[in-house]
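K.L.:
Sequence plus the predicted model coming up.
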Amino acid sequence: MLVAVTVLRLAIAFVLPFTGDEAYYYFWGVYGGYGGYDHPGMVAWWLWPFVRLGSSEWLIRLPAVLLLPAVSWLTWRIARPAAGRAAEFAGIAVALVPAELLNVLTTTDTPLVLFCLASVLAYQTALRRAAAPGTAAVNRWHWIAGVLLGAALDSKYFAALLAIAFLVFALVSPRRERPWPGLVALAAGAVPLFALNLYWNFENCWLNILFNFFTRHDNVSLSVRNPAVYLVILAYLTAPLLLWRLARRALVAGPDVGRPAGQPPDPARRLVACALAVPLAAFGALSLVKSIGLHWPFAFTPLAFAAGAIWLGEAELRRAIRWVAALSGIHLAVIGAAVLLPLETWQTSRLYDGLVLTVQPRAVMALLEPYASDYAFATDGYSNSVTLSYARRRFAPRTAAQGGGFAADSAANGDFLVFGRGSAHGRQQDRYDDFRPLDRGNILVFRKTRPPLEEYQPFFDQVEYRSAVLRGVTYYLVLGRGFRYAAYRDQVLAVIRDRFYRGPAWLPAGHCFFCERYFGEARCAAAPPG
């Protein structure tokens, strides 16, 4: 079954158009580093060797393609000691969930899922070894579980919910099981990688700390709709009846959910219950004030199938398999039909301009290449810039002026800059864009929307607006000659600094490339209170 699933996923990886998110992480791998704006830097470490082997889409997606067999195997191993043969059906069910089966995109969630599940399995192994008569309360598997947890934390901060789950497990465990020495050893294993991320933040404007805990939370408000959407997401990532029966079982059994009737308590079972319930409950509480993304619980929902095998048995897993297999079959049929339809079928959709950009990047580059000798290229958004930068590296002929190496400078490599303020998301490219060498030069800004005439005039001696039609979409070109860097720094870069690079005063002073580069300050001044 896993061989068949992997072959199918490889086929999808070969034919699926390269997305903006993938291009974004591709450039993390290109430019390297052990941290990033949105998240810690594990995905860059993963992609670093692959991007040096080539820029083919299937090669960059290979870590994600190989992830699903690993997730399936880990789910089986987590459930096997307590569930026996039912654990095999848990592994099969995970592999057939639509979001697992069809997701071949290498993102920050790829290492997160792997390391979270591997940490749970290692901690289980540690608990079972520590429970053997005459053994020490701490063994090497506690430390291994900690190292894996540290790797998960260096992938995405959602792994902190697993750390909290481990703490809850220790709190609800009987004292005779001696959970605390092992937990201390686990924490010691997790600290070095997490400390490395903190050090990177200290030396880089506290970027992913500011993004994850400050700048991305402007839309927090009490909502009734979000919890309902979150329940739909959980049902989609698992199986509705399986999840409902697990919740009912937990409510009936109360805090002793880890103990089967007539059997002594098994701490490894209780660990699965905590590792599943604590993160999902935390997301549920967060959904009261914030919209939960489909991928947020992705690292923890495989444990629902492991828990189903342990507490509900083989028959329930067989029903879950029928549900997820049918759902995946519907997805494949719809996707297959959509691929066969002409691109213009979606012309009435408001997403059509972005779809053309994603599916036809080579054609977009053909529109722009006549300007390559006279202009540095830019767009007004991060996704558009990385999508077209990847297309230019992949398809367009390179000139000597475009470079082509791995120097951390977008313009030097012929990549697309981001011209303007941009959004709170996707600002990793701020590290690579340097507007200082472009002073008095020419910049072409590619846009999907009509540019306001007055928006670009303060920053150039001369501005010309043109348009180009591709597959029924009108794209707009802003041709700016004589770039006024000083005006751009004062009116755009200063606003970016104040909005995204000023942290609270209590963060220790480190370095900040953005303020050093543009404003001659070692660190951006702290944001004013409130």
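P.N.:
Now that the structure is in, tell me what you want to look at.
K.L.:
in the strand or helix carrying Ala281, what's buried?
P.N.:
Per DSSP states H and E, Ala281 falls inside helix 267-286. By 16 or more other CB atoms under 10 Å, the buried positions in helix 267-286 come out as 267-280, 282-284, 286. All C-beta spots, glycine's among them, are computed from the backbone N, C-alpha and C.
K.L.:
Neighbours of the closest residue in space to Arg497 that isn't next to it in sequence, how many?
P.N.:
Closest residue in space to Arg497, ignoring its immediate chain neighbours: Cys524 at 5.7 Å, by CB to CB, 6 or more residues apart in numbering. Using other CB atoms under 10 Å, Cys524 has 20 other residues around it.
K.L.:
Tell me how far Cys524 lies from Pro504.
P.N.:
Note on Cys524: its distance to Pro504, by CB to CB, to the nearest Å, is 12 Å.
K.L.:
correct me, but Arg394 touches Ser55?
P.N.:
Yes: using CB atoms under 8 Å, Arg394 is in contact with Ser55, at 5.2 Å.
K.L.:
ok, now which ones touch Pro181?
P.N.:
For Pro181, the contact set (CB atoms under 8 Å, 6 or more residues apart in numbering) comprises Ala137, Val138.
K.L.:
how near is it to Ala187?
P.N.:
Using CB to CB, we find Pro181 at a distance of 11 Å from Ala187.
K.L.:
which parts of stretch 176-188 are buried?
P.N.:
Glu177, Arg178, Pro179, Gly182, Leu183, Ala185, Leu186, Ala187.
K.L.:
and if you look at stretch 298-316?
P.N.:
So, applying 16+ other CB under 10 Å, buried residues of stretch 298-316: 298-312, 314, 316.
K.L.:
Could you do stretch 375-395 as well?
P.N.:
Those would be 375-394, for stretch 375-395 by 16+ other CB under 10 Å.
K.L.:
and what of stretch 74-92?
P.N.:
Applying 16+ other CB under 10 Å to stretch 74-92 flags 74-80, 82-83, 86-92 as buried.
K.L.:
before we move on, what about stretch 442-460?
P.N.:
Those would be Asn442, Ile443, Leu444, Val445, Phe446, Arg447, Lys448, Tyr456, Phe459, Phe460, for stretch 442-460 by 16+ other CB under 10 Å.
K.L.:
Ok, stretch 418-431 next?
P.N.:
Buried residues in stretch 418-431, counted by 16+ other CB under 10 Å: Val418, Phe419, Gly420, Gly422, Ala424, Gly426, Arg427, Gln428, Gln429, Asp430, Arg431.
K.L.:
now the strands: where do they sit in the stretch 351-500 of the chain?
P.N.:
Ranges of strands within the stretch 351-500 of the chain are 376-379, 417-418, 443-447, 460-470, 473-483, based on DSSP state E, counting those that start in this stretch.
K.L.:
Select, out of those strands, the one closest to Ala320.
P.N.:
Proximity to Ala320 (CB to CB) singles out strand 473-483 among these, at 42.4 Å.
K.L.:
Could you count how many residues lie near Ala131?
P.N.:
There are 16 residues near Ala131, going by other CB under 10 Å.
K.L.:
I'd guessed Phe211 sits against Ala424; true?
P.N.:
Yes: contact status for Phe211 versus Ala424: in contact at 7.1 Å, counting by CB under 8 Å.
K.L.:
Now for the two: what residues contact both?
P.N.:
Going by CB under 8 Å, 6+ apart, residues that sit against Phe211 and also against Ala424 are Phe500.
K.L.:
Return the residues in contact with the residue positioned nearest the centre of the chain.
P.N.:
By CA atoms, centre = their mean, the chain has its centre lying nearest to Thr108, at 3.3 Å. Neighbouring residues of Thr108 by CB under 8 Å, 6+ apart: Tyr25, Asp38, His39, Met42, Val43, Ser155, Lys156.
K.L.:
Mark which of these are part of strands, please.
P.N.:
Counted as lying in strands by DSSP state E, out of these, is not a single one.
K.L.:
which among those gets closest to Phe435?
P.N.:
Nearest to Phe435 among those: Asp38, at 21.7 Å, using CB to CB.
K.L.:
Report the contact partners of the nearest residue to that closest one once chain neighbours are set aside.
P.N.:
Among residues not flanking Asp38 along the chain, Phe211 sits closest, at 5.8 Å (CB to CB, 6+ apart). By CB under 8 Å, 6+ apart, the residues touching Phe211 are Tyr37, Asp38, Ala424, Arg427, Phe500.
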